[in-house]
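Peer 1: Following is a predicted model, sequence given first.
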Amino acid sequence: MNQHLSMFTAADQEAAKKELDCYGYLLKTAIELFAQGKFNKALIYHQNIIRSLDELHRMRINKEMHDEAWLLLKQIEARQTQDELLGRFKNDKGR
């Protein structure tokens with residue numbers, strides 16, 4: 001299960017684990033209710049499954065945005081370092 005938690009930010013991982021556990025419980029119960037012919041109750045569990053999936057999706061998108069922002073920051077930092085080194089090189093060459 002822990003490998004799946006890497007889809008979420010460190011801050012969201014505990015909530016994601018709880019949501020994944022909830023999803024599993026809801027799905028198992030919905031299937032049991034379906035097999036018993038209790039379709040209306042199964043429907044309610046499926047609606048809750050949708051809510052769990054929606055929350056998991058939100059947390060995953062949050063991680064993707066976090067990772068993209070981190071990558072952009074690292075690219076900006078690399079560019080700044082490159083510009084600083086080029087500036088020093090030009091100054092040293094001019095002496």
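Peer 2: Arrived safely, thanks for sending.

Peer 1: For the rest of this, base every contact and every neighbour count on C-alpha atoms.
Peer 2: Noted.

Peer 1: helix or strand for the most centrally placed residue in the chain, which one?
Peer 2: With distances taken as C-alpha atoms, centre = their mean, residue 60 lies nearest the centre of the chain, 2.3 Å away. Using DSSP states H and E, residue 60 falls within helix 39-93.

Peer 1: who does that helix touch, helix- and strand-wise?
Peer 2: helix 13-35 (3 or more C-alpha pairs under 8 Å, 6 or more residues apart in numbering; DSSP states H and E).

Peer 1: angle of the helix it packs on against helix 39-93?
Peer 2: 150 degrees (axes from the mean of the first three to the mean of the last three C-alpha atoms, to 10 degrees).

Peer 1: What are the buried residues along helix 13-35?
Peer 2: Buried positions in helix 13-35, judged by neighbour count with 16 or more other C-alpha atoms under 10 Å: 13, 15-17, 19-20, 23, 26-27, 29-31, 33.

Peer 1: Between which two of those is the distance greatest?
Peer 2: 13 and 33 (29.8 Å; C-alpha to C-alpha).

Peer 1: What mean pLDDT does the helix holding residue 60 get?
Peer 2: Mean pLDDT, helix 39-93: 94.

Peer 1: do you know how far the residue nearest to residue 34 when sequence neighbours are not counted is from residue 85?
Peer 2: Sequence neighbours aside, residue 42 is the residue nearest to residue 34 in space, at 5.6 Å (criterion: C-alpha to C-alpha, 6 or more residues apart in numbering). Distance from residue 42 to residue 85, counting by C-alpha to C-alpha, to the nearest Å: 64 Å.

Peer 1: quick one: which of these two has more around it?
Peer 2: Taking neighbours as other C-alpha atoms under 10 Å, residue 42 and residue 85 compare with residue 42 leading, 21 against 12.

Peer 1: okay, now residue 51: neighbour count?
Peer 2: 14.

Peer 1: likewise residue 79?
Peer 2: 12.

Peer 1: In this structure the residue nearest to residue 34 contacts residue 28, no?
Peer 2: No: counting by C-alpha atoms under 8 Å, residue 28 is not a contact partner of residue 42; they are 10.1 Å apart.

Peer 1: if I pick the nearest residue to residue 55 once chain neighbours are set aside, what's in contact with it?
Peer 2: With C-alpha to C-alpha, 6+ apart as the measure, residue 19 is the residue that lies nearest to residue 55, at 7.7 Å, once sequence neighbours are left out. Residue 19 makes contact with 52, 55-56, according to C-alpha atoms under 8 Å, 6 or more residues apart in numbering.
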